[in-house]
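Chemist: Sequence first, predicted coordinates after that:
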Amino acid sequence: MKEIGSQLKDNRIFLKQEDFYKNILRKLEAIRKKTEQGGGEKAIERQRGKGKLTARERIKGLIDPDSEFMELNTFCAHDMYREYGGAPSGGTVMGIGKVSGRNALIVANDATVKAGAWFPITAKKNLRAQEIAMENRLPVIYLVDSAGVFLPMQEEIFPDKEHFGRIFRNNAKMSAMGIPQISAIMGPCVAGGAYLPIMSDEALIVEGEGSVFLAGAHLVKAAIGETTDNEQLGGAIVQSNISGVTDYVMKDDNECLNQIRSITGKFGEFAKAGFNRAEPKKPKFPSKEIYGVLPEDTLKPYDTYELIARIVDDSVIDEYKAGYGKTIITAYARIDGWAVGIIANQRKIVKTESGEMRIGGVIYSDGANKAARFIMNCNQKKIPLVFLQDVTGFMVGTKAEHGGIIKDGAKMVNAVANSVVPKITIIVGNSFGAGNYAMCGKAYDPRFIYAYPNAKIAVMGGSQASAVLLDIKVKQMQKAGKEFSEEDKKKLLDEIMETYETTSSPLYAAARLWIDEIIDPAETRKYISRSIEVANNNPDIPKFNVGVIQT
């Protein structure tokens, strides 16, 4: 075992970085609180005026009183759909909460946002929720209150493989997998959206507010000339006592939530994966000190051991191949008692045994080989993997190419792709180019992927990308017979840089669901622990096979 970490909090640089990070978190919290308001105060009051709870109030009333809801994709659709007035959280609240002592995946339509209508990103968010449920064998609770597809964008949500219909296909697949699904119809449930609750195992409906039908009264009148109203078509009494479509009639939201808790509390016990957990121990250094460890400029070096020391139990690790491939740290450790295998980019400039200086955050051949072997070891021992990603890419240049960097990088990517134990990825700082892939980016199926508020996700760094884009633009203009002054070049460079910085920000990524959540670094342990606890719910771990690897 190896003790890591040192006292940093009295260091001037530490204090400056700490203030910088706290300021970022304050700004993020302000955005979060605004997002949680959904359609705004007036829309919330209208909802309450009908005797209905808001989406987040429903979730609070559903989960166990002493538990915490782990909301995911909070910033979904951030700064998107501005021409339609926006869609905070994509009009849906999603996450994991304990219901009657069991972890459950909860999805609640936010009727304060366009009456809970589905935007294209809403469908993507619901599909991500179902993916999490299937990967981790989580029961699903849908709290339905939606006007259906947002018609002005119907062509972007309806016909494709990963569009609206995939959700109902997943309902059927999850039922076949033995994953319980309970739906509460707490408002309108229209057209194709009607299939989601009715393809669940059990459906509850709130009298006077809940309704479910394939076509509303106006469409029925237009289609077949029949005059009716929504309550006669598909209200609670009709669908429960006449059609038999729904299973329980509830008088209000609170009774409905209590009934769900009662049903869930009677579930039998399911097998677990059996990941190793010991008595949790706190790190020797406060987790909030992570703020001062991380630099303001994500390209500046820092010692990743100091970050790890504020995450792992007792600030101790069992480091694998400590003196080899030093720009990647591989180590066994415990986080909140859970045994984990950590793969982290060392951001400090390191010196090899031969005296060569290595750039921090860059993956070299030896580091890639080491990481690939470590991933295999963790799969053999059934140890979940934690990737602490702060990578600027693979090493380039003649020496690297002659040394087979592509081949060695491919070994690491192969091992990551074929890994069968749960993978949890934290994007700490940079996530550039193929380094994103090798360190288990979104495309490599991490069970959960989180980012710190100052992270950057892009094909390359902003300054490099801006210089390349500027050069291309200037050459295009010159071909057209136009000349650029130095002032024009600077202005264009600033514009490119600003755009690039925006599109590589964690908020931009979270809006498009490239990450599951932007997290407070001080809560890293909590998110990793909860993620492994959820992953432990699925006992089915396939046999590990890396396929063909060039040697």
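Modeler: All right, it came through fine.
Chemist: my read is Gly97 is in a strand, agree?
Modeler: Yes - counting by DSSP: H, G, I helix; E, B strand; the rest coil, Gly97 is part of a strand.
Chemist: right, and it touches Val107 too?
Modeler: No - assessed by CB atoms under 8 Å, Gly97 is found out of contact with Val107, at 11.1 Å. The way it works is simple: take the backbone N, C-alpha and C, and place the C-beta from them, glycine included.
Chemist: more crowded one of these two?
Modeler: Legend: neighbour count by other CB atoms under 10 Å for Gly97 and Val107, higher for Val107 (23 against 20).
Chemist: Which residue ranges of the stretch 251-400 of the chain form helices?
Modeler: With DSSP state H, counting those that start in this stretch as the criterion, the stretch 251-400 of the chain has helices at 253-264, 290-293, 304-309, 365-381, 398-402.
Chemist: Redo the ones you listed as CSV? Include distance to Gly85, mean pLDDT and mean neighbour count.
Modeler: Formatted as CSV, the helices of the stretch 251-400 of the chain follow (distance: least, CB to CB, whole Å; pLDDT from 0 to 100; neighbours: other CB atoms under 10 Å):
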stretch, distance to Gly85, mean pLDDT, mean neighbour count
helix 253-264, 26, 97, 19
helix 290-293, 35, 97, 24
helix 304-309, 40, 98, 24
helix 365-381, 46, 96, 21
helix 398-402, 50, 86, 11
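Chemist: out of the ones you listed, nearest to Pro422?
Modeler: Between Pro422 and these, the shortest gap by CB to CB is with helix 365-381, which sits at 10.3 Å.
Chemist: Contacts for the closest one, please.
Modeler: Contact partners of helix 365-381, identified using CB atoms under 8 Å, 6 or more residues apart in numbering, comprise 320-321, 324-328, 330, 341, 343, 363, 383-385, 394-395, 400, 403-405, 408-409, 411-412, 414-416, 419-421, 438, 544, 546, 549.
Chemist: Who are the contact partners of Lys489?
Modeler: Counted by CB under 8 Å, 6+ apart, Lys489 has contacts Leu470, Val474.
Chemist: That one is in what secondary structure piece?
Modeler: Assessed by DSSP states H and E, Lys489 sits inside helix 486-503.
Chemist: which residues sit against the helix or strand following that helix?
Modeler: Once the chain leaves helix 486-503, the next helix or strand it forms, by DSSP H and E, is helix 506-511. With contact meaning CB under 8 Å, 6+ apart, helix 506-511 is reached by 31, 73-80, 121, 427, 451-455, 457, 502, 515, 517-518.
Chemist: quick one on the thing from earlier: filter the contacts of helix 365-381 down to just the buried residues.
Modeler: 320-321, 325-328, 330, 341, 343, 363, 383-385, 394-395, 400, 405, 408-409, 411-412, 414-416, 419, 421, 438, 544, 546 (16 or more other CB atoms under 10 Å).
Chemist: Just the ones of those residues in strands?
Modeler: Judged by DSSP state E, the buried ones among the contacts of helix 365-381 include Ile328, Thr330, Gly341, Ile343, Ile363, Leu385, Phe394 as members of strands.
Chemist: from memory the fourth one sits against Ile329, does it?
Modeler: Meaning Ile343. Yes - taking contacts as CB under 8 Å, Ile343 lies within contact range of Ile329: 7.4 Å.
Chemist: circling back: any chance of the helices of the stretch 251-400 of the chain in TSV, with distance to Ala222 too?
Modeler: Formatted as TSV, those follow (distance: least, CB to CB, whole Å):
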stretch	distance to Ala222
helix 253-264	32
helix 290-293	59
helix 304-309	61
helix 365-381	58
helix 398-402	66
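Chemist: Out of those, which gets nearest to Ile205?
Modeler: helix 253-264 (8.2 Å).
Chemist: Which residues outside the closest one are in contact with it?
Modeler: Residues contacting helix 253-264 (CB under 8 Å, 6+ apart): 51-53, 58, 61-62, 99-100, 102, 104, 139, 141, 180, 182, 184, 186, 202, 204, 206, 248, 250.
Chemist: try it again with 6 Å
Modeler: 52-53, 61-62, 99-100, 182, 184, 186, 204, 206, 248, 250 (CB atoms under 6 Å, 6 or more residues apart in numbering).
Chemist: Figure out how far that helix is from the centre of its chain.
Modeler: 28 Å (CA atoms, centre = their mean, to the nearest Å).
Chemist: then it to PDB, C-alphas only?
Modeler: The C-alpha trace of helix 253-264 is given here as PDB (Å, rounded to 0.1, in the frame of the first residue of the first chain):
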ATOM      1  CA  ASP A 253     -50.900  12.800  -6.600                       C
ATOM      2  CA  ASN A 254     -50.000  12.000  -3.000                       C
ATOM      3  CA  GLU A 255     -52.200   8.900  -2.900                       C
ATOM      4  CA  CYS A 256     -50.700   7.800  -6.200                       C
ATOM      5  CA  LEU A 257     -47.100   8.200  -4.900                       C
ATOM      6  CA  ASN A 258     -48.000   6.300  -1.700                       C
ATOM      7  CA  GLN A 259     -49.500   3.400  -3.800                       C
ATOM      8  CA  ILE A 260     -46.300   3.200  -5.900                       C
ATOM      9  CA  ARG A 261     -44.200   3.000  -2.700                       C
ATOM     10  CA  SER A 262     -46.500   0.200  -1.400                       C
ATOM     11  CA  ILE A 263     -46.200  -1.800  -4.600                       C
ATOM     12  CA  THR A 264     -42.400  -1.300  -4.800                       C
END
